[in-house]
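*Asks:* Any chance you could fold what I've pasted below:
(chains A and B)
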Protein chains: 2
Amino acid sequence: MTAENTLETLLNHRSIRKYQDKPVPDTLLERILQAGTRASNTGNMQVYSVVVTRDPAMKEKLSPLHFNQPMVKEAPVVLTIAADVQRFHRWCALNQAEKSYDNFLWFVCGCIDSMLFAQNIAVAAEAEGLGLCFLGTTLYMAEEIAQVLEMPQGVIPITTITLGFPAETPPLTDRLPLKAVVHYETYRKESDEDIRELFHEKDHSELTKKLLEENQLPNLAQVFTRKRYTLKDNLAISSKLHAFLEKNGFLQKG
Amino acid sequence: MTAENTLETLLNHRSIRKYQDKPVPDTLLERILQAGTRASNTGNMQVYSVVVTRDPAMKEKLSPLHFNQPMVKEAPVVLTIAADVQRFHRWCALNQAEKSYDNFLWFVCGCIDSMLFAQNIAVAAEAEGLGLCFLGTTLYMAEEIAQVLEMPQGVIPITTITLGFPAETPPLTDRLPLKAVVHYETYRKESDEDIRELFHEKDHSELTKKLLEENQLPNLAQVFTRKRYTLKDNLAISSKLHAFLEKNGFLQKG
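*Replies:* As a prediction, this is how the structure comes out:
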């Protein structure tokens, strides 16, 4: 076990996308997952699950669902973390207790529990000398991923972590100044000038200059809206995700 | 700074609901929030915010929105963490970039970012000797909380952390056996017997025995469905939360 100071672990986080060709020992993986389960969760109902993928044939199936990001095939371990009310419902059924958690509130609770579990796994993994990357693509292809992993009704993939011993040491990525995300007592009413100031460093970084040149765009905001996450794609994915939740009963409300 | 091993920090987590009458120094709070921002987030867009409540008058207003759980008034610091696309949209507007993130996908991304941020804050706080409790009630009264904290359109409270120096040392709470939440390669098809076994310890604990007597109910599952989180309440809250998201544009899809 790497004895490392907790704050250092948190402050040194970087996403790792290249991994050594070296498996993650079972006992190490279990220790990390165990640390995940110690996170807080809703009502101690643990409405989440994880599917561990190590089989190359399974990675092969998952890879296109993550748009062939190379980490899926190259990482020794892929963790798909899902909102899960089905285990709890199975238990309810065995106890003549009413099925009560396939509705919108509990989809959000399932997301919350999944992410508390996921972030504890991430912190534990880094403390143990592993590197990882979260894959946002999980939401884009949630239904297809659920099919490949044979998840039953009531289980919705929320995020994926690719995990292994790091084969790169990328620099820390930028963050907005702390005051951008922290408000005191009430949410601050920012002027346009305030917003410009909060984004100034990001707008003018070397990385941004490179991106603007590559994309032939006038500013970074348009790199996001015209290239990375366009309205058209966002609406299409929203529609797909919404339909999948509906199929699983998660859009029920009063 | 408390030099503590990261895994120990994670494995020793307990929710703390009683706090010493002692403020959290500004520099300590900032260090913890800074550690929060180092968590991964969607596209490095940081679609979250936090409102820090320390003013007793503001706690007085928040308290009934959390059903008068005493931690809200007693904790020196209350952190309301929210999914937030408004800051990003403000920046887009200043850059002639299309407003693209008020849709269902980005509500879920906002939840994800909020919880990655929140759990890093929780881990950092505990490493620094503080204690905390997550309040699930945030989702029940999201709209009313947003009003009190003067959150603008596009900002949805997701979770709340009450924070302070601990004045209690509760025992670790139980968790399901690790194998309940971990699946290998494909989601395991459990038999009824498997489910009974996974919940056996929980079903028969001393705590459960006490709860069954107090509630005059035949089993723990019914304590959840008939007392703690009833279908009727879940549907009513789902409906309210759904309507609030709709008002904020977050239910848009293709």
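
*Asks:* Just the strands from chain A, written as ranges.
*Replies:* Per DSSP state E, chain A has strands spanning A:48-53, A:77-84, A:131-135, A:155-164, A:182-184. These are given in chain order.

*Asks:* And the second one, what does it pack against?
*Replies:* In this structure, strand A:77-84 packs against strand A:48-53, helix A:56-62, helix A:104-127, strand A:155-164, with contacts taken as 3 or more Cβ pairs under 8 Å, 6 or more residues apart in numbering or on different chains; DSSP states H and E. Just so you know, the C-beta spots here come from the backbone N, C-alpha and C atoms, and that holds for glycine as well.

*Asks:* Check the offset of stretch A:180-191 from the chain's centre.
*Replies:* Mean-position distance between stretch A:180-191 and its chain equals 26 Å (Cα atoms, centre = their mean, to the nearest Å).

*Asks:* what does that stretch rub up against?
*Replies:* A:194, A:198-199, B:33, B:37, B:46, B:48-55, B:58, B:84, B:87, B:90, B:117, B:149-152, B:155 (Cβ atoms under 8 Å, 6 or more residues apart in numbering or on different chains).

*Asks:* Can you say which of the helices and strands packed on strand A:77-84 is nearest to chain B?
*Replies:* Chain B lies closest to helix A:104-127 among the helices and strands packed on strand A:77-84, at 3.4 Å (Cβ to the nearest Cβ).

*Asks:* re the thing from before, make a markdown table out of the strands of chain A and add mean neighbour count, distance to residue B:5 and mean pLDDT.
*Replies:* Converted to a markdown table, the strands of chain A look like this (neighbours: other Cβ atoms under 10 Å in any protein chain shown; distance: least, Cβ to Cβ, whole Å; pLDDT from 0 to 100):
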| stretch | mean neighbour count | distance to residue B:5 | mean pLDDT |
| --- | --- | --- | --- |
| strand A:48-53 | 25 | 24 | 99 |
| strand A:77-84 | 26 | 23 | 99 |
| strand A:131-135 | 24 | 19 | 98 |
| strand A:155-164 | 26 | 20 | 98 |
| strand A:182-184 | 19 | 28 | 98 |
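
*Asks:* quick one: which of those strands is nearest residue B:230?
*Replies:* Closest approach to residue B:230 among the strands of chain A (Cβ to Cβ): strand A:77-84, 20.1 Å.

*Asks:* Could you tell me the angle between the closest one and strand A:48-53?
*Replies:* Relative orientation of strand A:77-84 versus strand A:48-53 (axes from the mean of the first three to the mean of the last three Cα atoms, to 10 degrees): 150 degrees.

*Asks:* and strand A:77-84, C-alpha only, in PDB?
*Replies:* The C-alpha coordinates for strand A:77-84 follow below in PDB (Å, rounded to 0.1, in the frame of the first residue of the first chain):
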ATOM      1  CA  VAL A  77      -9.700  -3.100 -16.000                       C
ATOM      2  CA  VAL A  78     -12.900  -1.300 -17.200                       C
ATOM      3  CA  LEU A  79     -15.500  -0.500 -14.500                       C
ATOM      4  CA  THR A  80     -19.000   0.300 -15.600                       C
ATOM      5  CA  ILE A  81     -20.900   1.900 -12.700                       C
ATOM      6  CA  ALA A  82     -24.700   2.000 -12.800                       C
ATOM      7  CA  ALA A  83     -27.700   3.300 -11.000                       C
ATOM      8  CA  ASP A  84     -29.400   0.100  -9.700                       C
END
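
*Asks:* May I have the strands that pair with it, each with its orientation?
*Replies:* When sheet partners are counted by DSSP bridges, strand A:77-84 sits next to strand A:48-53 (antiparallel), strand A:155-164 (antiparallel).

*Asks:* For the longest one, C-alpha coordinates in PDB please.
*Replies:* Yep, that's strand A:155-164 we're talking about. Only the C-alpha atoms of strand A:155-164 are listed here, as PDB (Å, rounded to 0.1, in the frame of the first residue of the first chain):
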ATOM      1  CA  VAL A 155     -30.000  -0.800 -14.000                       C
ATOM      2  CA  ILE A 156     -28.700   2.300 -15.900                       C
ATOM      3  CA  PRO A 157     -25.000   2.800 -16.700                       C
ATOM      4  CA  ILE A 158     -23.900   6.200 -15.500                       C
ATOM      5  CA  THR A 159     -20.200   6.300 -15.800                       C
ATOM      6  CA  THR A 160     -17.200   4.200 -16.700                       C
ATOM      7  CA  ILE A 161     -13.700   4.200 -15.200                       C
ATOM      8  CA  THR A 162     -10.800   2.800 -17.200                       C
ATOM      9  CA  LEU A 163      -8.100   1.600 -14.700                       C
ATOM     10  CA  GLY A 164      -4.500   0.500 -14.700                       C
END
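
*Asks:* Return the residues in contact with the residue in chain A sticking out farthest from the centre.
*Replies:* Here the centre of chain A is the reference, and by Cα atoms, centre = their mean the most remote residue is residue A:96, at 34.8 Å. Counting by Cβ under 8 Å, 6+ apart, residue A:96 touches B:218, B:219, B:222.

*Asks:* residues near the closest residue in space to the last one that isn't next to it in sequence, how many?
*Replies:* Once its chain neighbours are removed from consideration, residue B:222 has its nearest residue in residue A:97; the separation is 4.6 Å (Cβ to Cβ, 6 or more residues apart in numbering or on different chains). When neighbours are counted by other Cβ atoms under 10 Å in any protein chain shown, residue A:97 registers 21.

*Asks:* Model confidence at residue A:4, what's the number?
*Replies:* Residue A:4 carries a pLDDT score of 60 in this model.

*Asks:* and residue A:17, what does it touch?
*Replies:* Here residue A:17 is in contact with A:70, A:71, A:133, A:162, A:168, A:170 (criterion: Cβ under 8 Å, 6+ apart).

*Asks:* Next up, the contacts around the most centrally placed residue in chain A.
*Replies:* Nearest residue to the geometric centre of chain A (Cα atoms, centre = their mean): residue A:159, 3.7 Å. By Cβ under 8 Å, 6+ apart, the contact list for residue A:159 reads A:80, A:81, A:114, A:115, A:118, A:134, A:135, A:136, A:138, A:139, B:112.

*Asks:* ok, now how distant is the closest residue to residue A:28 other than its chain neighbours from residue A:29?
*Replies:* With Cβ to Cβ, 6+ apart as the criterion, residue A:28 has its nearest non-adjacent residue at 6.1 Å, and that residue is residue A:128. From residue A:128 across to residue A:29, the span is 10 Å (Cβ to Cβ, to the nearest Å).

*Asks:* Residue A:208 now?
*Replies:* From residue A:208 to residue A:29 the distance is 38 Å (Cβ to Cβ).

*Asks:* ditto for residue A:155
*Replies:* With distances taken as Cβ to Cβ, residue A:155 is found 21 Å from residue A:29.

*Asks:* before we move on, what about residue A:73?
*Replies:* With Cβ to Cβ as the criterion, residue A:73 and residue A:29 are 18 Å apart.

*Asks:* of those two, who's got more company?
*Replies:* Using other Cβ under 10 Å, the more surrounded residue of residue A:73 and residue A:29 is residue A:29, with 22 against 15.

*Asks:* Tell me, what's the model's pLDDT at the residue lying closest to residue A:179 once chain neighbours are set aside?
*Replies:* In this structure, residue A:179 finds its nearest non-sequential neighbour in residue A:198, 7.3 Å apart by Cβ to Cβ, 6+ apart. pLDDT recorded at residue A:198 is 98.

*Asks:* How about residue A:1?
*Replies:* 38.

*Asks:* ok, now the one 10 residues further on?
*Replies:* As summarised for this prediction, residue A:11 has a pLDDT of 96.

*Asks:* Over to residue A:254?
*Replies:* In this model, residue A:254 is scored at 79, pLDDT.

*Asks:* Please list all residues in contact with it.
*Replies:* B:232, B:235, B:236, B:238, B:239 are the contacts of residue A:254 under Cβ under 8 Å, 6+ apart.
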